[in-house]
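Novice: Predicted structure and sequence below. I'll ask about it afterward.
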Amino acid sequence: MANPLPYNGVNLPEDEQIQPELVPALHGFAPAVLDIPNNNNGWIEEEPKEDPKMEEEEEDEEEEEEMDIEDEMDDQEIIYPYEIEEGKLPPPPVDSDTFFDSEPEVEAEDEDGDEATVGTITQTSYSVPPFSGTVYVESRSSCKVFAPGPIGNNVDMLQRKVKGLAQQMFDRANTEYSTLKRLGEMDQYLSGLSTKRRSEVREHYKLKQSVSTLEDQMRGLMLEDKEDKERLKKKLRVSQQEKEQIEQAFRQVIEWIRRQFGVEIPPCMGDNDATTSDDAHP
C-alpha cells in the first residue's frame, strides 16, 4: 500500500465567511411599518380619512350641474332666420322645392278673371294675409323658436308660391277630370260590347237548341221509316205466302175437276201455271 498523504486530507482553500447585507425597500411598496393586520409585506396602504364637509360640497356641485343641464334643455333656442341690414332684402330660399323663377300666370275663361271653370272644377282667386308671428318647430321642451323678424317682401314671394301651387293643383284636377271622363266612356263602350256579346251568345244557344231538336226529329223519322219498311216487308212476305197457298189450292181444284169430269179448263194463271191434256194424259 502506498504511503497516504499526511493528515488524510486534500489541500482545499479555506471558506470565507460572508456577512448578509440588508435588502433595500422595494420601489412602490410601503414598508411594513403600518399598524394594519395581515400587512406583513406592506401591500396594503392606509386610506386617508374623508372630510364630510368636502363630500357635501361635492354633492352640491353635482346637483347644481344637473340643474344647469336641465335648464339648458328646457330653454328655447331663438333662431333668427335672416339678419337684414338696412336697405336690403333677405335672400330667397333657392333650394326650396316650390321656388319659381317667374311668376306663373293663371288663365281664366270668364271675363271678370275671378273664376276659372273646367267641367265641375272651379278655382277662385284669394289673397294671402301678411305673415308675422313666432314659429314653433317640434314639440316638448327641446323645441326651437323662430322669433319674428323683418320679413319685408317675403309675402309677395309666398303669394307667388301659393299661386304656383294653386296652378299645379288646378292642372292636376283638370287631368284627373279628363282621365275620369275617358274611363267613363271606355266603361260605356265595354258595357255595350258586353251586352252585344250576351245577345250573340243567347242567339247561338237558341240555334244550338233548334239544331239538336232537328237532329232528334230526323233520328226519329229514320227510326219510323225503318220500322215501316220492316212492317211492309213482313206484309209482303205474308202476301206472297198467301198467294202461293191460293195458287196451290187452285191447281189442286183444277186437277181434281179434270180427273173427275174429264173437262179441260183453259189456263188462266199464266203459261207457267197451265197444263195441257197431252202432258196430263200420255
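Specialist: Happy to help now that I have it.

Novice: which stretch of helix or strand covers Leu180?
Specialist: Leu180 belongs to helix 154-261 when assigned by DSSP states H and E.

Novice: other SSEs contacting that helix?
Specialist: Judged by 3 or more Cβ pairs under 8 Å, 6 or more residues apart in numbering; DSSP states H and E, the packing partners of helix 154-261 are strand 115-118, strand 121-124. C-betas here are computed from N, CA, C, even on glycine.

Novice: In the protein, where is pLDDT below threshold?
Specialist: In the predicted model of the chain, residues 1-52, 70-153, 267-282 satisfy pLDDT under 70.

Novice: change it to 80
Specialist: Applying pLDDT under 80 to the chain picks out residues 1-56, 67-153, 192-194, 196, 262-282.

Novice: Share the number of residues neighbouring Thr157, please.
Specialist: Actually, residue 157 is Met. It isn't Thr. By other Cβ atoms under 10 Å, 19 other residues sit near Met157.

Novice: Please apply the same query to Val253.
Specialist: By the criterion of other Cβ under 10 Å, Val253 has 11 neighbours.

Novice: Now for Glu200: which residues touch it?
Specialist: Under the criterion of Cβ atoms under 8 Å, 6 or more residues apart in numbering, Glu200 has no neighbours.

Novice: measure it to Met186 for me?
Specialist: As judged by Cβ to Cβ, to the nearest Å, Glu200 and Met186 stand 21 Å apart.

Novice: do Ile69 as well
Specialist: With Cβ to Cβ as the criterion, Ile69 and Met186 are 67 Å apart.

Novice: Convert stretch 60-67 to CSV, retaining C-alpha atoms only.
Specialist: Taking Å, rounded to 0.1, in the frame of the first residue of the first chain, the C-alpha atoms of stretch 60-67 are listed here in CSV:
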residue,chain,number,x,y,z
ASP,A,60,-74.0,70.3,-4.0
GLU,A,61,-71.8,71.0,-7.0
GLU,A,62,-73.1,67.9,-8.8
GLU,A,63,-76.7,68.9,-8.2
GLU,A,64,-76.1,72.4,-9.5
GLU,A,65,-74.5,71.0,-12.7
GLU,A,66,-77.6,68.7,-13.2
MET,A,67,-79.9,71.7,-12.7
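
Novice: doesn't Ile265 fall inside a helix?
Specialist: No. Per DSSP: H, G, I helix; E, B strand; the rest coil, Ile265 lies outside any helix segment and is coil.

Novice: excluding its backbone neighbours, what's nearest it?
Specialist: Ile254 (5.3 Å; Cβ to Cβ, 6 or more residues apart in numbering).

Novice: ok, the one you found - how many residues close by?
Specialist: Neighbour tally, Ile254, other Cβ under 10 Å: 19.
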